[in-house]
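J.: fold the following.
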Amino acid sequence: QVQLLESGPGLVKPSQTLSLTCTVSGGSITTNSHYWSWIRQPPGKGLEWIADIDWRGSTGYSPSLKSRTTIFRDTSKNHVTLQLSSVTPEDTAIYYCARTLGEIPFDYWGQGTQVTVSS
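T.: I've put the predicted structure just below:
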């Protein structure tokens, strides 16, 4: 069974770059028709899709965050990394990693990692 595990710093200062890693087990991130997304949920708000990377390494970004976001992968470690630059307190959220398989969106999720942006 596929498992996703997010890891990150927990606390980041404003203007810094946030880096989060999603480590995938029970399957390869290069398996055909697999997409790996980062999604966040700020306190008291709904889910917001940030970016994804597919089995070929092609990437997609939310237009509202694209200028500050980079997603990439390390196939040797089977993980996907999200970097978000110039963070502000509005980037405080629980960040999730999720898989999409073909036409089935977000069928597997990690447990999420809390990120707080504060000086």
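J.: what does stretch 95-109 rub up against?
T.: Under the criterion Cβ atoms under 8 Å, 6 or more residues apart in numbering, residues 2-6, 8, 20, 22, 24, 33-41, 47, 50, 52, 80, 82, 110, 112-115 lie in contact with stretch 95-109. Any C-beta I mention is one placed from the backbone N, CA and C, and that applies to glycine too.
J.: determine how far the last residue of that stretch lies from the first.
T.: Terminal residues of stretch 95-109 are spaced 11 Å apart (Cα to Cα, to the nearest Å).
J.: next one: stretch 56-75
T.: Start-to-end span of stretch 56-75 (Cα to Cα) is 11 Å.
J.: for the record, mean pLDDT for it?
T.: Averaging pLDDT along stretch 56-75 yields 98.
J.: distance between it and the chain's centre?
T.: Mean-position distance between stretch 56-75 and its chain equals 9 Å (Cα atoms, centre = their mean, to the nearest Å).
J.: what are the contacting residues of that stretch?
T.: Contacts with stretch 56-75, where a contact means Cβ under 8 Å, 6+ apart, come from 28-30, 36, 38, 48-53, 79-86.
J.: rewinding a little: filter the contacts of stretch 95-109 down to the buried ones, PyMOL style.
T.: A single PyMOL command selects the buried members of the contacts of stretch 95-109 (16 or more other Cβ atoms under 10 Å):
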select buried, resi 4+6+8+20+22+24+34+35+36+37+38+39+40+50+52+80+82+110+112+113+115
